[in-house]
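1. Coordinates for the following, if possible.
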Amino acid sequence: YGDIPVDTNLEKVVCICWMVFGVGFYSFTIGNLSSFITTIDAKGAQLRAKLQTIEEFSRKHDLPKDLEIRMKSLTTNQNEITQHDQNKLLQELPSSLRAEVLNHIHADIFKVIMFFKDKGPEFLSASLPLVRRFNLPPKEILYKEGDPSEEVYFILKGQIKLTTKDKVAFRVYKDGSMFGENEVIYKEGRDSTAQSITECQLLVMSKFDFK
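-> Numbers count the residues shown, from 1 in each chain. The predicted structure follows:
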C-alpha cells in the first residue's frame, strides 16, 4: 500500500492483511519495549533503596568506609535485586566479609560476653544477627516469677538481681553474664523475678533462636 495502487479484490485483501500484521507487530514491539523499560526502572529503584539501606546500616553501626563500599559493590553486582532487611542483607554477604562486618558491629560483645568469646566464626555469623539490644532503666522488672520463658539475656553493662517471692535477692548478675537460659532449655516458667539494680545494656535472644 502507499504509492502502489491496488486494483483487484485479491490485492486489496493482501494489503489489508499486511496492514493488520504491521499494526500488530508494531504494537507487540512497543509493548515489549515498554515492559522492558519498566522492569529496568523497577530494578533500579530496588537497587537504590537497597544501597540506601546499606548507607543507613553503616551509619547506625559506624562501619569503616571501606566496608560500606565493599558491601555496596557486591550488592550492585548481584543479578537478583530485592528489598531486604538488615539481617537478610548480612546473610547475602560472603562469609569472610560478613565476619568482618559482624566483628566491627559487635566488638563490644566479644570483649564483654563470655558466652561468645570462645565461639567460632560460623557460629558467630549465624547467631549474632539474631541478637537484639535494649536498655533497661534502674529498678525495672525484666520478668516475674512464673512468667513464660521466652528469651535468654546477656548483660553488656549493668547489674541484674534475681529475687524470690518475698523479694529477697539471692543472685546478682554483672557485666558479661548470661541468665535465663536454664528455664528456656528445660521449657519451664521463670523460677524467680529479675530486676535491674542499675541502668543496664542487655542483649536478648529469642528461645527459638537460642536452640
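2. what's the nearest residue to Ser206 if we skip its chain neighbours?
-> Residue nearest to Ser206 in three dimensions, not counting chain neighbours: Glu151, with 5.9 Å by Cβ to Cβ, 6 or more residues apart in numbering. No exception for glycine: its C-beta is placed from N, CA and C like everyone else's.
3. OK, contacts around that neighbour?
-> Residues counted as contacts of Glu151 (Cβ atoms under 8 Å, 6 or more residues apart in numbering) are 180, 184, 204-207, 210.
4. One more: Thr75?
-> The neighbourhood of Thr75, defined by Cβ under 8 Å, 6+ apart, consists of 47, 50-51, 54, 81, 89, 92.
5. any idea which of the contacts of Glu151 is closest to Val172?
-> For the contacts of Glu151, the closest approach to Val172 (Cβ to Cβ) belongs to Gly180, at 14.4 Å.
6. My guess is that closest one contacts Asp147. True?
-> No. Taking contact to mean Cβ atoms under 8 Å, the distance of 10.4 Å between Gly180 and Asp147 leaves them out of contact.
7. helix or strand for Ser125, which one?
-> Element membership for Ser125, per DSSP states H and E: helix 121-127.
8. what do you get for Gln91?
-> Counting by DSSP H and E, the element that carries Gln91 is helix 86-92.
9. The one helix or strand Lys161 maps to pairs with which strands, parallel or anti?
-> The secondary structure element spanning Lys161 is strand 160-163 (assigned by DSSP H and E). Based on DSSP bridges, the pairing partners of strand 160-163 within the sheet are strand 169-173 (antiparallel), strand 193-196 (antiparallel).
10. Quick one, grab the pLDDT at the most centrally placed residue in the chain.
-> In the chain, the residue lying closest to the centroid (Cα atoms, centre = their mean) is Asn87, at 2.2 Å. The predicted structure scores Asn87 at 71 on the pLDDT scale.
11. which residues in the chain form strands?
-> 132-136, 141-143, 151-157, 160-163, 169-173, 178-179, 193-196, 200-206 (DSSP state E).
12. List the buried residues of the helix holding Ser125.
-> Going by neighbour count (16 or more other Cβ atoms under 10 Å), the buried part of helix 121-127 is 124-125, 127.
13. Point out the least confident one among these.
-> In terms of pLDDT, the lowest of those is Ser125, showing 79.
14. Is that residue in contact with Ser95, as I believe?
-> Yes. Under the criterion of Cβ under 8 Å, Ser125 is in contact with Ser95, at a separation of 6.3 Å.
15. Let me see the domain layout of the chain.
-> 9-105, 131-210 (automatic domain parsing).
16. Asp118 is nearest to which of those?
-> domain 131-210 (12.9 Å).
17. Next, the distance between the ends of the closest one.
-> For domain 131-210, the first-to-last residue distance is 10 Å (Cα to Cα, to the nearest Å).
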